[in-house]
Structure formats: structure tokens, C-alpha cells
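Novice: Here is the input, now give the coordinates:
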Amino acid sequence: MYIYSLSKDDESKESSSYYVKKRILVLVHIDLIPPKDIDKSIDISFEPWITEYHVIETLKELKYDVDVLGVYDELSVIREKVNDFKPHVIFNLLEEFDGNVLMDQHIVSFLELLKQNYTGCSPRGLMLSRDKSLTKKILTYHRIATPKFQAFRKLTESKIKKIKLSKKLKFPLIVKCLNEDASLGISSGSVVKSHEKMIERITYLFEKFKADVIVEEFIPGKEVYVGVVGNNRLEVLPMIELHFDNVEKPELEIYSERAKWSKKHRHKKGVRIAVSKQDEELEKKLIKLSKRVFQVLELDGIARIDYRIDDHGNPYVIEANPNPNLAKDDELAVSWIKTGKPYKELIKKLITLSLSR
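Specialist: This is a model prediction of the structure:
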């Protein structure tokens, strides 16, 4: 693909007088490198590497010079590949390092030390938004509504038994890993209605994931996702709503791990996403609010803001997801395509934003 180099002052302005062929290095988790030979007659939409596959194939379709590097726990391989391939842009799909999701910000910091352009969010935005407790403290300071919460860190079995819930919190509550994403550890059992059940769930998450835990008030209502794209000038994408067509009380459902990743479970409950149709006043509020969240958390590049909207039309920010999944069927890409622009334009946009940061 031949594109202009872009001015830092104007993301849309072509400032170079000559074309340059762009070399793109795609960073992925070593276990998520798509297989070379894929049987396209079978459904691959639930494969763990589907995002990586869609991004890599689209970059090739756009005629970029593409190389892929699998990373687990060695920074040296990144430096060696950068020195060898000399990429113009690194398309960053890494969400952890050495099995630790909190290390994703350090990978990006390393790319900055190497003076490399990269797609997605900066280290500061990743740090502020990865920790759900920190995110909520910042949002609360800026008077942005988010469910009341309590975080529990550095847990042990003895500490779990002594947990005391803040009097400000009222059941039902939802119990989640503090720093994980992709609905890891979230199931129907995550919503609890008693102190006993809360302790059981915290114990389960501790034993399975050795994770810090956050407990927050559960907001019955609609779940809506709002994509935001940009560095300085922000574009808010069409809002996407989560639907459960085959249940009696969809307002009590959550986007659990099975609802997100199990084809059988999705079919059973009628799980789907579609453009959200809100009244004009609420839509304007969500657009303004999403930009505000993006800014106060110092995000850039791309993010997805997740909301629960109660029966009175009050939106609560559940979390902000920098570098959300980019598979063609995921919320962000579906939202982008609803603007009338093809998926490949989203991938090109992220590269343009990386060059204009």
C-alpha cells in the first residue's frame, strides 16, 4: 500500500510530496499466530486467533509489506525484528506479556523507547483504564456515573474470610477480576445477592486466576457499547447494543464468558449485537459522555466504552476498553462498518492515527 506520510498537526492532511511503501509489523501473542492453511469452508469465527487473522489478512489485502511476530516473554525478539524489518508502523495486538495483562503498557513503552510508531493506545491510557478500580476513581472525580464499587487486592484465603463489605454497596452485586478483560471469569454466578455468595465468588476467582477482585453494584438494564476513534479529533461510532432474544428478563443478563465465546450458548440465549436505537437526548448524552471518558482516561487511537443503562435511561460507565478486539464480528468493527465504511478502512485509519500521534 502506498500512502503519504502524515503531519502531526493534521491527521487528514497529506504533507509528503512522495509516496512511501509502508512496512507493517504485527505483534501478536505467540499462541495466537493464525495457521497458514485455513479451511475456509468451516466457521472460524470463534477461533481464539480470529482477530489476528482478520487484521493480518486485511493488511495483506491492502498491499502493505506485512510481517508477523509472536511474543510471549522476551523483549529481545521485538528489538531484533525491528532492527531487521525496519517497520514504519507496528500494529500492536498484544494484550499481555509473560501471561500478565498488566504488562501490556510496558510493551508499548518499549516501542516508544525504540522510537516506533504503533497502533492503539499509549502506555498512560492503558495504565489508567486497565485497572477497573483506578478507572472508576477517575470517573467519579470527574462526576461521570459509574457503579459503586469496592476492590480487594493481594488476597489470601484468610483475608477473604475477613472481607467486610462497604455499607455504601447494596445487593445485587457483580464480582469480577480487577484487571482482566474479554469477560474472563464472568458467568451467571458472578451476580450475587448475599454476602455468602459474594465470598464464594471471590474465593473462586482467587483460586482459579490468583487475581485481584472488584465488587460493584449490578445495574439491571441495557448494555451498550460506544466506539471512539482518534487522537485529538474524536469520532464516535454508531452505538451497539447487546441483545438476549431468548430469555424472559434480558435486563438481568450479562456478557459472560460463555455468552461471548460459546457458539452453543449464544444460540440458546439468542445473543446478538445490533445498532442501538436510543432517543435523541440519550444519544447526544452518550456521544458527549464517551468523548469525555476517552479524554479523562487519556486514551488515544481507539477504544470502546461500555455502559449499562437503567430503566430510567441513566447511563453508567462499566469500563473503558483501550485496544478492543478488532475481529470483523466484534462490536467495534461492526460499529465502524455501520458508518458505511468497509472494515479495511478501519485498519487503514489505525495506521494513519499511529503516524499522526
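Novice: gap between Leu82 and Lys162?
Specialist: To be clear, residue 82 is Val; Leu isn't right here. As for Val82, its distance to Lys162 is 49 Å (criterion: Cβ to Cβ, to the nearest Å). For glycine as for every other residue, the C-beta is placed from the backbone atoms N, C-alpha and C.
Novice: got it, and Thr135?
Specialist: When Cβ to Cβ is applied, the distance between Thr135 and Lys162 equals 26 Å.
Novice: which of these two has more neighbours?
Specialist: A side-by-side neighbour count of Thr135 and Lys162, using other Cβ atoms under 10 Å, places Thr135 first with 22 against 7.
Novice: other SSEs contacting the helix or strand hosting the more buried one?
Specialist: Element membership for Thr135, per DSSP states H and E: helix 132-141. The helices and strands touching helix 132-141, judged by 3 or more Cβ pairs under 8 Å, 6 or more residues apart in numbering; DSSP states H and E, are helix 123-130, strand 149-152, strand 213-217, helix 280-296, strand 315-322.
Novice: Spit out the contact partners of Pro87.
Specialist: Pro87 makes contacts with 23-25, 67, 116, as judged by Cβ atoms under 8 Å, 6 or more residues apart in numbering.
Novice: tell me which of these is nearest to Lys269?
Specialist: Each of those was checked against Lys269 using Cβ to Cβ; the closest is Ile24, at 38.2 Å.
Novice: mind checking the backbone torsions on the closest one?
Specialist: Backbone geometry at Ile24, expressed as degrees, to the nearest 10, gives phi -120, psi 120.
Novice: that older thread, which outside residues touch the helix holding Thr135?
Specialist: The list of residues contacting helix 132-141 from outside it, by Cβ under 8 Å, 6+ apart, reads 128-129, 145-147, 149, 151, 176, 178-179, 214, 216, 293, 296-297, 317, 319-320.
Novice: from the middle of its chain, how far away would it be?
Specialist: The gap between where helix 132-141 is centred and where its chain is centred comes out at 17 Å by Cα atoms, centre = their mean, to the nearest Å.
Novice: angle of that helix against helix 280-296?
Specialist: Here helix 132-141 points in a direction 120 degrees away from that of helix 280-296 (axes from the mean of the first three to the mean of the last three Cα atoms, to 10 degrees).
Novice: quick one: buried residues of helix 132-141?
Specialist: 132-136, 138-139 (16 or more other Cβ atoms under 10 Å).
Novice: can you pull out the helices in the stretch 251-357 of the chain?
Specialist: Using DSSP state H, counting those that start in this stretch, the helices of the stretch 251-357 of the chain run over 257-261, 263-269, 280-296, 331-337, 343-356.
Novice: okay, those, which one's buried deepest?
Specialist: Of those, the one with the most neighbours on average (mean count of other Cβ atoms under 10 Å) is helix 331-337, at a mean of 22.
Novice: Show me what that one packs onto, helices and strands only.
Specialist: strand 222-230, strand 240-244, strand 271-275, strand 301-309, helix 343-356.
Novice: where in the protein is pLDDT low?
Specialist: Low-confidence regions of the chain, defined here as pLDDT under 70, cover residues 1-20, 182.
Novice: what's the domain layout of it?
Specialist: Residue ranges for the domains of the chain, per automatic domain parsing: 2-119, 148-217, 220-343.
Novice: who wins for proximity to Val192 among the helices and strands packed on helix 331-337?
Specialist: The stretch from the helices and strands packed on helix 331-337 with the least distance to Val192 (Cβ to Cβ) is strand 301-309; that distance is 16.5 Å.
Novice: Give the pairing partners of that closest one; include direction for each.
Specialist: The strands that strand 301-309 pairs with in its sheet are strand 222-230 (antiparallel), strand 315-322 (antiparallel) (by DSSP bridges).
Novice: Now distance to Thr156 too, for the ones you listed, in JSON lines please.
Specialist: Putting those into JSON lines (distance: least, Cβ to Cβ, whole Å) gives the following:
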{"stretch": "strand 222-230", "distance to Thr156": "33"}
{"stretch": "strand 315-322", "distance to Thr156": "26"}
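Novice: CSV for those, including mean neighbour count and distance to Ser183?
Specialist: Below are the strands paired with strand 301-309 laid out as CSV (neighbours: other Cβ atoms under 10 Å; distance: least, Cβ to Cβ, whole Å):
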stretch, mean neighbour count, distance to Ser183
strand 222-230, 23, 11
strand 315-322, 23, 11
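Novice: Let me know which of those is the nearest to Ser166.
Specialist: Put simply, out of the strands paired with strand 301-309 the one that sits nearest Ser166 is strand 315-322, at 17.5 Å, with distance taken as Cβ to Cβ.
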